[in-house]
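*Asks:* Would you be able to build a 3D model of this:
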Amino acid sequence: MNVAFIGCGFVADFYMATINHYKQLNLIKVYDKNKERLKQFCDYYGVNPVKSVNEILKDDTIELIINLTNPTEHFNVTYRSLENNKHVYTEKPLSMNFKDAKYLYDFAKSKKLKLSSAPSSVLNKVAKTVEIALKENKIGKVRLIYANFDAGMTHKMKPWNWKTPSGAFWPAQDEFDTGCTYEHAGYLLTWLYQFFGPAKSVTSFSKCLLRDKDIKTKLNTPDFSVGCIEYKNVVARVTLSIVAPLDRSMTIVGTEGILYVPDVRNDNSSVYIKKIPSSKLEAALEYRINHYKSKFENVVNFFPWNWGNSWRFLKNYPLIKKTKEVSSGNYKPVDFCNGPAELVDSIEEKRDCVLSPEMALNITEIIEILQYPEKFKNKKELLSYSKIKV
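*Replies:* Residues are numbered from 1 along each chain as shown. A predicted model of the protein is given here:
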């Protein structure tokens, strides 16, 4: 399928890193409103620039738009693309609020066009392994999830100096103003939606803990949020921040055991499984190991021990095999293009896309409540759960 990029910023390089692995994605044109950046990107990758966004939107040979603009521009670019009869795959989030997301959802449905949103990591072999384990009842009935996306104290890493191979700098001000909840929650929420369906309700808290991030920002956007999200018979505690130490783990607790994923943003992360101790002896052994582990760490405290974690009997759960193993880079072991490829496959196979518009809508509503809980004090049930049939 002929596709076009609108937006050639920092994230576009990560799509270019894997796009050639997908024969169903034929990139024929790209556009960015920054002319210098557009030339830089096209010269580096040897792709075709256009002078205006209308050259893409009015081109009948282009069927899919990959929207890689800044989050605040997602709604407008996606709307114009749908208006011109293009399917759309957009970077996260679908829009900056539920109202606009619902408008795009309804508009795409009325035009009978496909609408999908990043992130696409729920398509990787790690998420699929977890999904199979849950369907096979490996840990019994799931009741609780702890999901974390703490990215470390990002501003201390001087991220404004991060640079892609084609020369784009990380948009620090835009990232901080948008907020880590909007930027990162999707990595957790897509998995939860896929495993447990749409969320029913959210209770949340957020705050900007570090106003000064060594770079001028326009907004006092929360850099920490935490929410308890209710799914059918399951509760998930979701934590997001750019102030706490790096932790992108997910722990799924069932009546018979737990599944643990150390890094949801690593397409090759291990998956661990642990049964609930079947005997007093096993539980006692874990307790004693942790007791002496703590004593040892208190004495030998000049090594970088993993403080606060308890030792447990964990078994490495075998990952399913996938024929295609691609990655956007060593420090981003993620395939950005499996999302657009899945969308194209769903169009050609005339089936629902895994990254459905219902998923994107439900997640957009959750994200808005997580980051701005003060706007939803009297909200009881998510509109996307009660009003949208999934």
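
*Asks:* Could I get the average pLDDT for stretch 316-333?
*Replies:* For stretch 316-333, the mean pLDDT works out to 72.

*Asks:* hey, where'd the helices end up in the protein?
*Replies:* Along the chain, counting by DSSP state H, helices occupy 12-16, 35-45, 53-57, 74-83, 98-111, 125-135, 172-178, 180-196, 280-299, 338-348, 357-371, 383-386.

*Asks:* As CSV, these with mean neighbour count and mean pLDDT would be great.
*Replies:* For every residue, glycine as well, the C-beta is placed using N, CA and C. Below are these laid out as CSV (neighbours: other C-beta atoms under 10 Å; pLDDT from 0 to 100):
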stretch, mean neighbour count, mean pLDDT
helix 12-16, 23, 97
helix 35-45, 16, 98
helix 53-57, 18, 97
helix 74-83, 20, 98
helix 98-111, 17, 98
helix 125-135, 18, 96
helix 172-178, 20, 96
helix 180-196, 24, 98
helix 280-299, 12, 72
helix 338-348, 21, 98
helix 357-371, 26, 97
helix 383-386, 18, 80
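
*Asks:* will you turn those helices into a markdown table that also has distance to residue 224?
*Replies:* A markdown table is the format used below for the helices of the chain (distance: least, C-beta to C-beta, whole Å):
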| stretch | distance to residue 224 |
| --- | --- |
| helix 12-16 | 26 |
| helix 35-45 | 32 |
| helix 53-57 | 36 |
| helix 74-83 | 24 |
| helix 98-111 | 22 |
| helix 125-135 | 25 |
| helix 172-178 | 13 |
| helix 180-196 | 8 |
| helix 280-299 | 27 |
| helix 338-348 | 28 |
| helix 357-371 | 10 |
| helix 383-386 | 24 |
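
*Asks:* Out of these, which is closest to residue 220?
*Replies:* Closest to residue 220 of the helices of the chain is helix 172-178 (C-beta to C-beta; 9.3 Å).

*Asks:* what separates that closest one from the chain centre, distance-wise?
*Replies:* Here helix 172-178 is found 17 Å from its chain centre; the criterion is C-alpha atoms, centre = their mean, to the nearest Å.

*Asks:* Now do the end-to-end distance for stretch 105-116.
*Replies:* Using C-alpha to C-alpha, to the nearest Å, the end-to-end distance of stretch 105-116 comes out at 10 Å.

*Asks:* what's the distance between it and the middle of its chain?
*Replies:* The answer for stretch 105-116 is 22 Å, by C-alpha atoms, centre = their mean.

*Asks:* Name the surrounding residues that touch that stretch.
*Replies:* 78-79, 82-83, 85-90, 94, 104, 339-340, 342-343, 346-347, 353, 355-358, 360-361, 388 (C-beta atoms under 8 Å, 6 or more residues apart in numbering).

*Asks:* among the helices of the chain, which is nearest residue 242?
*Replies:* Of the helices of the chain, nearest to residue 242 by C-beta to C-beta is helix 180-196, at 4.5 Å.

*Asks:* Which strands or helices does that closest one pack on?
*Replies:* Counting contacts by 3 or more C-beta pairs under 8 Å, 6 or more residues apart in numbering; DSSP states H and E, helix 180-196 packs against helix 125-135, strand 142-150, strand 224-231, strand 234-241, strand 250-254, helix 357-371.

*Asks:* Go again with 10 Å.
*Replies:* With contacts defined as 3 or more C-beta pairs under 10 Å, 6 or more residues apart in numbering; DSSP states H and E, helix 180-196 has these neighbours: helix 125-135, strand 142-150, helix 172-178, strand 201-207, strand 224-231, strand 234-241, strand 250-254, helix 357-371.

*Asks:* Now do that helix against strand 142-150, angle only.
*Replies:* 150 degrees (axes from the mean of the first three to the mean of the last three C-alpha atoms, to 10 degrees).

*Asks:* How far off centre is helix 180-196?
*Replies:* Its chain's average C-alpha position is 5 Å from that of helix 180-196, according to C-alpha atoms, centre = their mean.

*Asks:* Next, the angle helix 125-135 makes with it.
*Replies:* Between the axes of helix 180-196 and helix 125-135, defined by the same axes, to 10 degrees, the angle is 40 degrees.

*Asks:* Let's see helix 180-196 as PDB, backbone CA atoms only.
*Replies:* Provided in PDB are the C-alpha atoms of helix 180-196 (Å, rounded to 0.1, in the frame of the first residue of the first chain):
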ATOM      1  CA  CYS A 180       4.900  11.900  30.400                       C
ATOM      2  CA  THR A 181       1.300  10.500  30.900                       C
ATOM      3  CA  TYR A 182       0.300  11.300  27.300                       C
ATOM      4  CA  GLU A 183       3.700  10.200  26.000                       C
ATOM      5  CA  HIS A 184       4.100   6.900  27.900                       C
ATOM      6  CA  ALA A 185       0.800   5.500  29.200                       C
ATOM      7  CA  GLY A 186      -0.100   3.900  25.900                       C
ATOM      8  CA  TYR A 187       2.700   1.400  26.300                       C
ATOM      9  CA  LEU A 188       0.900   0.000  29.400                       C
ATOM     10  CA  LEU A 189      -2.800   0.700  28.400                       C
ATOM     11  CA  THR A 190      -2.600  -1.100  25.000                       C
ATOM     12  CA  TRP A 191      -1.600  -4.300  26.800                       C
ATOM     13  CA  LEU A 192      -4.300  -3.900  29.400                       C
ATOM     14  CA  TYR A 193      -7.000  -3.300  26.800                       C
ATOM     15  CA  GLN A 194      -5.800  -6.300  24.700                       C
ATOM     16  CA  PHE A 195      -5.800  -8.600  27.700                       C
ATOM     17  CA  PHE A 196      -8.800  -7.400  29.700                       C
END
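
*Asks:* Counting neighbours, what do you get for residue 121?
*Replies:* Residue 121 has 23 neighbours, counted by other C-beta atoms under 10 Å.

*Asks:* ok, now which ones touch it?
*Replies:* Neighbour list for residue 121: 127, 186-188, 190-191, 264-267, 269, 334-336, 338-339 [criterion: C-beta atoms under 10 Å, 6 or more residues apart in numbering].

*Asks:* And those, which is closest to residue 72?
*Replies:* Relative to residue 72, the closest of these is residue 186; by C-beta to C-beta it sits at 16.4 Å.
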